[in-house]
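> let's see this in three dimensions:
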Amino acid sequence: MVDRLAALLGHFSISAQTFQTGPLCGINTLDGSKPYGQLHLLRKGKAEVWHGNTKAHELEEPSLLFYPRPTPHSFVTDSEHGADFVCANILFEGGSANPLLNALPPCICIPLAQMPHSVALLSLLFAEAEANYCGRQTVLDRLFEVILVQLLRGLMESDNPQLGLLAGLAHTQLRRAIVAMHEKPQEDWSVERLAKIAGMSRSVFSNQFRDAVGDTPANYLQRWRIGLVQKWLKKGQPLRLIAEEAGYSSEAALSRAFKSQCGVSPMQWLKESQIGKH
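Just a heads-up that it's a prediction; the model follows:
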């Protein structure tokens, strides 16, 4: 079986930074003003989860709560005994250009009892959170990252992955073509060639790809390439080299594709993104 996450995570990393280990009492609010999501693990106790004035979840058993993108939310717990949480900020490299981030729903809530493959890892994380060993922060951060990868595996294997990239990666034939695009964006990928990799006819491949992923193979490939271009631009790579690595015949061809998707030229986009940091 092809590794559906290797190329994605190789190009766009996921990083975690643990910020809470222990009880939360009363009302605790995260305002969603920072450029990352949150992964919360409720170890003990009960908690209500509020999105503004709406009660979104009632956690009555150990649970995982994941917000891939910045999302304001609040926890309401017993004011005296609270609830025991371990929480981390999660950053997807590339932001909106990361197809994995775009494929995820706004919120995922799963009882830990439904994550049997993560039992040993969760036990290790909770033990590390309780202890005070040297390197504790680094260990917790890495454990959160592994839990997130296991969560992504579970979403791909679920009976009903949502429309989008995860649904495409869950498909036993489409995944081969998607991984091929991820691994070698510089290749001249025609629909016929991708269909052959998937072991399907051109028409069946095109229809099933659109039904599962919600886009045509050509559009998905362009979005993947432009996302990589944005990442490489931020790293200071020259446009000539970027065009070659992203599968464009020239800088002019890259600029046309970039402007058709982003509305501005690559250098104008880079200038605006740098201004936005300040």
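> from here on, contacts and neighbour counts on C-alpha atoms
OK.
> now the helices for the stretch 1-150 of the chain?
6-11, 99-103, 119-130, 136-157 (DSSP state H, counting those that start in this stretch).
> low-confidence stretches in the stretch 51-200 of the chain?
In the predicted model, the stretch 51-200 of the chain carries pLDDT under 70 at residues 159-161.
> all strands for it, in order.
54-59, 63-67, 73-76, 83-92, 108-111 (DSSP state E, counting those that start in this stretch).
> list of residues touching the third one?
So that's strand 73-76. 25-32, 47-52 (C-alpha atoms under 8 Å, 6 or more residues apart in numbering).
> mind redoing it with 7 Å?
Gly26, Ile27, Asn28, Thr29, Leu30, Asp31, Ala47, Glu48, Val49, Trp50, His51, Gly52 (C-alpha atoms under 7 Å, 6 or more residues apart in numbering).
> kindly export that strand (C-alpha atoms) in PDB.
Taking C-alpha atoms only, strand 73-76 is exported to PDB below (Å, rounded to 0.1, in the frame of the first residue of the first chain):
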ATOM      1  CA  HIS A  73     -14.300  28.200  21.900                       C
ATOM      2  CA  SER A  74     -14.800  27.900  25.600                       C
ATOM      3  CA  PHE A  75     -14.800  25.100  28.200                       C
ATOM      4  CA  VAL A  76     -17.200  25.200  31.100                       C
END
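> list the buried residues of it.
By 16 or more other C-alpha atoms under 10 Å, the buried positions in strand 73-76 come out as His73, Ser74, Phe75, Val76.
> now the end-to-end length of stretch 111-124.
18 Å (C-alpha to C-alpha, to the nearest Å).
> burial count for Lys235?
By other C-alpha atoms under 10 Å, the residues close to Lys235 number 9.
> relative to His117, how far out is it?
Counting by C-alpha to C-alpha, the gap from Lys235 to His117 is 37 Å.
> over to Ser96?
In terms of C-alpha to C-alpha, Ser96 sits 30 Å off from His117.
> and if you look at Trp232?
Trp232 is 36 Å from His117, by C-alpha to C-alpha.
> more neighbours, these two?
Trp232 (17 against 14).
> contacting residues for the more buried one?
So Trp232 contacts Ile242 (C-alpha under 7 Å, 6+ apart).
> ok but it is inside a strand, no?
No - remark: Trp232 does not belong to a strand; assigned using DSSP: H, G, I helix; E, B strand; the rest coil, it is helix.
> can you pull the pLDDT of Gly247?
We have a pLDDT of 95 for Gly247.
> ok, the nearest residue to it once chain neighbours are set aside to Val2 distance?
Excluding its sequence neighbours, the residue lying closest to Gly247 (C-alpha to C-alpha, 6 or more residues apart in numbering) is Gln186, at 3.5 Å. To Val2, Gln186 is 19 Å away according to C-alpha to C-alpha.
> swap in Asp211?
22 Å.
> who has more neighbours out of these two?
Legend: neighbour count by other C-alpha under 10 Å for Asp211 and Val2, higher for Asp211 (15 against 10).
> how about the CA coordinates for the helix or strand containing that one, as CSV?
Remark: Asp211 resides in helix 202-213, with elements defined by DSSP states H and E. Provided in CSV are the C-alpha atoms of helix 202-213 (Å, rounded to 0.1, in the frame of the first residue of the first chain):
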residue,chain,number,x,y,z
ARG,A,202,-9.9,7.9,-18.2
SER,A,203,-13.7,8.7,-17.9
VAL,A,204,-14.3,6.6,-14.8
PHE,A,205,-11.2,8.0,-13.1
SER,A,206,-12.2,11.6,-13.9
ASN,A,207,-15.8,11.1,-12.6
GLN,A,208,-14.8,9.3,-9.5
PHE,A,209,-12.1,11.8,-8.7
ARG,A,210,-14.5,14.6,-9.0
ASP,A,211,-17.2,12.8,-6.9
ALA,A,212,-14.7,12.0,-4.1
VAL,A,213,-12.4,15.0,-4.0
